[in-house]
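> the sequence and its predicted three-dimensional model are supplied below.
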Amino acid sequence: MIRVVLIEIGLLLLPFVGFAAYLVFVRKMEPGPDLLPAMPVPKLLVGGLVLMVAGLLSLVNFDSSEPTGKYVPAQYKDGKIVPGFFEKD
């Protein structure tokens, strides 16, 4: 679950990171007074949300961890925690 959350956060932040990289590149190519344009936050946010939705849809469609069999929940045995698993039918 944490993997999915981190991927979605990364996809949301990707346009902002790309814009920051673009600004660094432009400043190296054309040094001068303030070249920082107005920050296009709404456009970057919409782009990030589009990437997030596309990533979520692709994770849902292409996730190969389809559970099969009966789920056995985590148990406490012999002083150790045995994690949950799927039992083959």
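Okay, I see it.
> can you pull out the strands in this structure?
70-72, 75-77, 80-82, 85-87 (DSSP state E).
> kindly reformat the ones you listed as TSV containing distance to residue 1.
Where C-beta positions appear, they are placed from N, C-alpha and C, glycine not excepted. Formatted as TSV, the strands of the chain follow (distance: least, Cβ to Cβ, whole Å):
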stretch	distance to residue 1
strand 70-72	16
strand 75-77	21
strand 80-82	18
strand 85-87	16
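> with mean pLDDT, distance to residue 48 and mean neighbour count added, can I get those strands in TSV?
As requested, the strands of the chain are exported to TSV (pLDDT from 0 to 100; distance: least, Cβ to Cβ, whole Å; neighbours: other Cβ atoms under 10 Å):
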stretch	mean pLDDT	distance to residue 48	mean neighbour count
strand 70-72	86	35	10
strand 75-77	93	41	8
strand 80-82	93	38	9
strand 85-87	84	35	11
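> what's the closest of those strands to residue 22?
strand 85-87 (45.9 Å; Cβ to Cβ).
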